[in-house]
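Visitor: Predicted coordinates and the sequence they were generated for:
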Amino acid sequence: MPSATAVGAPAMSPRAVADSARLRLLLLIPGGFALLVGVDAALLLLGVGAPVTMSRWADVHGVLMVYGFVGTVVALERSVALGKLWGYAAPAGLGLGGVALVLAPHHAVGGAVIAAGSAVLVALYVPLWRRNAATAVLVQGCGAVLAFGGALMYAAGVPVPWILPWLGGFLILTIGGERLELARVAFVAPAVEAIALAATAAVFLAVPASLLWPDAGYRLLGVALVGVTGWLLRHDVAGKTVRGSGLPRFSAVCLLSGYAWLLVAGGVWIVAGPVRSGPAYDASAHAIFLGFVISMIMAHAPIILPAVLRRPLPYRPIMYAPAVLLHASLLLRIVVGDGADLVWAVQAGGVLNAVAVLGFAVIAVASVIVGAPKRPAPVTRAATA
């Protein structure tokens, strides 16, 4: 695990590091709250039984998951990398905005707080860029700009289906930037890195085009997603580490599976164009936010969470269970349910999606609490005599 000074932050005393770790855990709590409420809202949208039947929660499901849950985690990881106290306003704003979406009577309150947190997230990338003018930082910064734009429109009352490309672009470019950074460490040629930057620019420009000129914009965005995914499949280190074992192989399996779902979303937009309701909308949205984003979270959690919380998240083979369930249930939901317009398959797949997401969260928390599995003691000659 890199030390604080390894990422350019000032040296900290052991007490200060402990206090900082507690602050990070505190900032993660609203993200966990957003996850639980978001899953409950997903069950409400599916029309099946939910633990809490607050119909208003269904209206904020997508924004709550993207900003309140994933956005909080992303912003916290970036603020830790920056190492400045003001940077923690980004995860605080996104997390508290998610709480406000749930508790406030009007979505504009939570939307405004989320927009403020997104603005700080954009600002985070300025010193990060000055510190290390890498293409990966620029790619992630573009994703943050899309997050801010989407949050502003949501706070102004624009319906979520109209801004879905902005939400998807935020997470796709953020994750793509992280994968580009790892590819760069693996000595990707400058020309190959330039192609990644061009693909990023295509996504970044196609997102507003999808709002201004939907028929052409959605199809251009679909082509851009296929281009980004093609680059990732060709140059991501996951293509090599999938032949390994343990955590590297698990992460690679999750990454490659996620890229496949990104191709599905791109294909839907190329063929169907602007989709804001119905089976094609459900398929594209969940291919991105469940198939791609949640799979990326599963792949990165054992690496990112220890760096954020200073607590190890040991890999365990049981982590494959929720990962396999996630992709199998998505196949049921999208291919059978959305493809054949079968409500029962959409509902069954959606319920199993929720089980997979919560199952991985439970396994991750338990792994942190229990700690690393004990290795068997080496057998000595005396023991075998």
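Guide: Thanks, I have it. Numbers count the residues shown, from 1 in each chain.
Visitor: Against residue 24, how distant is residue 314?
Guide: Separation of residue 314 from residue 24 (Cβ to Cβ, to the nearest Å) stands at 19 Å. Any C-beta I mention is one placed from the backbone N, CA and C, and that applies to glycine too.
Visitor: The two: which has the busier surroundings?
Guide: Between residue 314 and residue 24, counted using other Cβ atoms under 10 Å, the more crowded position is residue 24 (21 against 15).
Visitor: in what helix or strand does the more buried one lie?
Guide: Assigned by DSSP states H and E, residue 24 falls within helix 14-46.
Visitor: what's that helix packed up against?
Guide: Contacts defined by 3 or more Cβ pairs under 8 Å, 6 or more residues apart in numbering; DSSP states H and E place helix 14-46 against helix 55-59, helix 61-63, helix 72-82, helix 89-103, helix 295-309, helix 343-370.
Visitor: Just put these in CSV and tack on mean neighbour count.
Guide: Below are those laid out as CSV (neighbours: other Cβ atoms under 10 Å):
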stretch, mean neighbour count
helix 55-59, 15
helix 61-63, 22
helix 72-82, 24
helix 89-103, 25
helix 295-309, 20
helix 343-370, 17
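Visitor: could you pull out the helices for the stretch 151-300 of the chain?
Guide: Ranges of helices within the stretch 151-300 of the chain are 160-185, 190-212, 214-235, 238-241, 246-272, 278-286, 295-309, based on DSSP state H, counting those that start in this stretch.
Visitor: of the ones you listed, which approaches residue 109 most closely?
Guide: Proximity to residue 109, assessed across those by Cβ to Cβ, is greatest for helix 160-185 (16.4 Å).
Visitor: Run the chain-centre distance for the closest one.
Guide: Chain-centre distance of helix 160-185: 8 Å, with Cα atoms, centre = their mean, to the nearest Å.
Visitor: Could you do stretch 193-202 as well?
Guide: Centroid displacement of stretch 193-202 relative to its chain, using Cα atoms, centre = their mean, is 20 Å.
Visitor: Equivalent analysis for stretch 211-227, please.
Guide: Offset of stretch 211-227 from its chain centre (Cα atoms, centre = their mean): 21 Å.
Visitor: Rounded mean pLDDT for that stretch, please.
Guide: For stretch 211-227, mean pLDDT is 96.
Visitor: what sits against the residue nearest the centre of the chain?
Guide: For the chain, the residue nearest the mean C-alpha position is residue 293 (4.3 Å; Cα atoms, centre = their mean). Residue 293 sits next to 70, 171, 175, 258 when contact means Cβ atoms under 8 Å, 6 or more residues apart in numbering.
Visitor: Okay, it and residue 276: tell me how far apart.
Guide: Distance from residue 293 to residue 276, counting by Cβ to Cβ: 20 Å.
Visitor: wait, which of the contacts of residue 293 is closest to residue 20?
Guide: The shortest gap between residue 20 and any of these belongs to residue 70, at 22.2 Å (Cβ to Cβ).
Visitor: Report how many residues lie close to the closest one.
Guide: The number of residues packed near residue 70 is 25, by other Cβ under 10 Å.
Visitor: do residue 45 as well
Guide: Per other Cβ under 10 Å, the neighbour tally for residue 45 reads 15.
Visitor: From what I see, residue 162 and residue 212 are in contact.
Guide: No - using Cβ atoms under 8 Å, residue 162 makes no contact with residue 212, being 11.2 Å away.
Visitor: So which of the two has more stuff around it?
Guide: Neighbour count, other Cβ under 10 Å: between residue 162 and residue 212, residue 162 has more, with 16 against 8.
Visitor: Could you pull up the contacting residues of the more buried one?
Guide: Contacts of residue 162 (Cβ under 8 Å, 6+ apart): 153, 211, 276.
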